[in-house]
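Peer 1: Generate coordinates for the sequence data below:
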Amino acid sequence: MATPNAIVVIGTSAGGVAALSDLLAGFEAHWDVSVFITIHTGRTSTMQDILTWHSTLPVWRAEHQKRFARGVYVAPPDRHLLIDENTISLSAGPKENYVRPAIDPMFRSAAEHHRGRVIGVLLTGNLFDGVDGLHQIHLNGGRTIVQHPADADVPEIPLNALRRFTPDHVLQLSQIPAAISQRLAELQMLSEMGSAT
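Peer 2: Numbers count the residues shown, from 1 in each chain. Next up, the predicted model:
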């Protein structure tokens, strides 16, 4: 099974369940993409069920050493979700930003292994988890999207991201799927040009 053309990583905290539900409802079923989600929640199994109701892409709970494919993968409780070349790793390493799973490890691993193929999305939440990781995606040539603070239920994470660096897009939640779709089209075109040379 071929690795999808693009990697979308999404991080969120407080207010994230509703935000993710709305966001995934705007994703297209035909997208050639793997989506990885880290949300700060103690829920053990309900996130997958909730998001399945709203997503046109299949949704799974991430599993250690599982080869990923097209679809949505959600970090399980108490494990960092790390993305390798074509597999998922789950880590019980130290908490980062007071939490496990944390957004930053997922963002950093995506930036390291997939560079310009990454689309990083940072949504509503408290404190600053995901800010440094999103900056790493930016530095490695990926596309970066921050939910507009005025549109976020809890604006602290988006505000801290904007204080850290200037992302490619600052958007309302309803505008994010279109930005992802545009980037997917660009990556597809680049891929086709590369295969033709």
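Peer 1: For residue 147, see how far away the nearest residue to residue 70 once chain neighbours are set aside is.
Peer 2: Spatial nearest neighbour of residue 70, excluding adjacent residues (Cβ to Cβ, 6 or more residues apart in numbering): residue 4 at 5.0 Å. Using the backbone N, CA and C atoms, a C-beta is placed for each residue, glycine as well. Residue 4 sits 23 Å away from residue 147 when distances are taken as Cβ to Cβ, to the nearest Å.
Peer 1: quick one, which of the two is more surrounded?
Peer 2: In this view residue 4 and residue 147 are compared by other Cβ atoms under 10 Å, and residue 147 has more residues nearby, 28 against 20.
Peer 1: Can you report how many residues lie near residue 150?
Peer 2: In terms of burial, residue 150 registers 9 neighbours under the definition other Cβ under 10 Å.
Peer 1: so what's the backbone phi/psi at it?
Peer 2: For residue 150, the backbone dihedrals (degrees, to the nearest 10) come out as phi -70, psi -20.
Peer 1: what about residue 168, distance to residue 142?
Peer 2: Shown here: residue 168 relative to residue 142, a distance of 9 Å by Cβ to Cβ.
Peer 1: okay, the two: which has more neighbours?
Peer 2: The residue with more neighbours, out of residue 168 and residue 142 and counting by other Cβ under 10 Å, is residue 142; that gives 25 against 16.
Peer 1: Contact partners for the more buried one?
Peer 2: With contact taken as Cβ atoms under 8 Å, 6 or more residues apart in numbering, residue 142 is in contact with 110-111, 114-120.
Peer 1: roughly how far out does the lowest-mean-pLDDT helix or strand in the chain sit from the chain middle?
Peer 2: Using mean pLDDT, DSSP states H and E, the weakest-scoring helix or strand in the chain turns out to be helix 176-196, at a mean of 88. Average the C-alpha atoms of helix 176-196, do the same for its chain, and the two points are 17 Å apart (Cα atoms, centre = their mean, to the nearest Å).
Peer 1: quick thing: my sequence starts at 22, can you match it?
Peer 2: New numbering, starting at 22: the last item is helix 197-217.
Peer 1: List the buried residues for it?
Peer 2: Of all the residues in helix 197-217, those buried under the rule 16 or more other Cβ atoms under 10 Å are 197-198, 200-201, 204-205, 208.
Peer 1: farthest pair in those residues?
Peer 2: By the measure Cβ to Cβ, the buried residues of helix 197-217 have their two most distant members at 197 and 208, which lie 16.3 Å apart.
Peer 1: pLDDT averaged over stretch 85-94, what's the number?
Peer 2: Throughout stretch 85-94, pLDDT has a mean value of 96.
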